[in-house]
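Asks: what follows is a predicted structure for the sequence shown.
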Amino acid sequence: MGLPERAAEVPPRGRRLGSGGTETVGHGHLWALLDGTPAHAAPGRLTADDDGRLACHLCGRWFAHLGAHLRRHGWTATRYREAVGLTLHVPLCSTEISERIAAKQKANWDRDSQARNRFAPGRELARSGELNRLATTAATIRQNSGQTPEAVLAARARRLAAGRAAQASGRDSRLAAVVAASGTSTLHELLRARYDAGASLDGLARLTGLGRTRLRTELAAAGVVVRQPGANLQASKRARGATNDAWAAARVGAGDIRAWLLAQRRTGATLRELAQRTGRSVPWVRSRLADPPAARAGGSS
């Protein structure tokens, strides 16, 4: 872990305010970045005050967590490190915070064997030196290409946009197949038919693969007024009840779940035992034992 240089090399003349904030450091501009932006701290290292706070090269103010502050400037940590000459291993936070984070990560690492297994290939690359060679090769390629940090970020943004476009195209293709398989001609027709029949938003989301925001947008465009929470249609209740009955029957290998429950009760099975075997709740078991299917028009869930 790279530790920041002490502030004696760049006299800060800043002080902590009573409210816990900071005021602008008065040491002035020391140098300039490649784009002409004035820098307030020495290049290639971090400058810390007596409280362990770090000076921001861009504005000269002091922060315990410099990485979080960079968002105020619209900069990423990677862009900042490249611009001011910092290596990747130097944390952009105070030593106290860095040590606290490291201790928490170590505790999580020691506790989670699955995490250790996931990172095992990377650790092997690091031990062998292959990871460092790959990083050096990537940095050399980027430098030889003459790309600025801004160009690298722009290229990443283009790749991200292309990936999102490909995902959207695939999603639209799958959605068209769902609509065709449903026997309807349009997505809006499908949504209206299923929702009027009692389908829930969760059910429609699973069927169509749409996120909640787009699903609500499409429902509104289809002229569907979304029911308020708790306002379930009787058809929806019956459908859920039938689904729960069929699921429980399949779990225990029975054709008629109520007949199976009654038979098990006659052999002395308790409600709790039946709930565990069917994967349902005790109230559910009790309701199935008490009422024949015709009396459960609403179908409890």
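Replies: That came through fine. Numbering: from 1, shown residues only.

Asks: use CA for all of it now, contacts and neighbours both
Replies: OK.

Asks: ok, for residue 260, nearest residue in space, not its chain neighbours?
Replies: Closest residue to residue 260 apart from its sequence neighbours, by C-alpha to C-alpha, 6 or more residues apart in numbering: residue 254 at 6.4 Å.

Asks: that neighbour in helix, strand or coil?
Replies: coil (DSSP: H, G, I helix; E, B strand; the rest coil).

Asks: burial of it, as a residue count?
Replies: The local packing of residue 254 (other C-alpha atoms under 10 Å) involves 14 other residues.

Asks: ok, residue 49 next?
Replies: 22.

Asks: do residue 31 as well
Replies: 15.

Asks: contacts only, for it.
Replies: If you count contacts by C-alpha atoms under 8 Å, 6 or more residues apart in numbering, residue 31 has them with 38-40, 42-43.

Asks: swap in 6 Å and give it another go.
Replies: residue 39 (C-alpha atoms under 6 Å, 6 or more residues apart in numbering).

Asks: residue 44: what secondary structure?
Replies: Going by three-state DSSP: residue 44 is coil.

Asks: domains of the protein: list them as residue ranges, please.
Replies: For the chain, the structural domains run 5-97, 166-221, 234-295, going by automatic domain parsing.

Asks: identify whichever of those lies nearest to residue 108.
Replies: Minimum separation from residue 108 across the domains of the chain (C-alpha to C-alpha) falls at domain 5-97, 16.6 Å.

Asks: now do the phi/psi pair for residue 62.
Replies: Residue 62 adopts backbone torsions of phi -100, psi 140, taken as degrees, to the nearest 10.

Asks: show the pLDDT at the residue nearest to residue 260.
Replies: pLDDT, residue 254: 87.

Asks: and it, how far from residue 274?
Replies: 13 Å (C-alpha to C-alpha, to the nearest Å).

Asks: repeat for residue 49
Replies: Computed as C-alpha to C-alpha, the residue 49 to residue 274 distance reads 67 Å.

Asks: and for residue 77?
Replies: Residue 77 is 57 Å from residue 274, by C-alpha to C-alpha.

Asks: have a look at these two and say which one is more surrounded.
Replies: The neighbour comparison of residue 77 against residue 274 (other C-alpha under 10 Å) goes to residue 274, with 21 against 17.

Asks: circling back: looking at the domains of the chain, which is nearest to residue 227?
Replies: Taking these one by one with C-alpha to C-alpha, domain 166-221 is closest: 9.3 Å.
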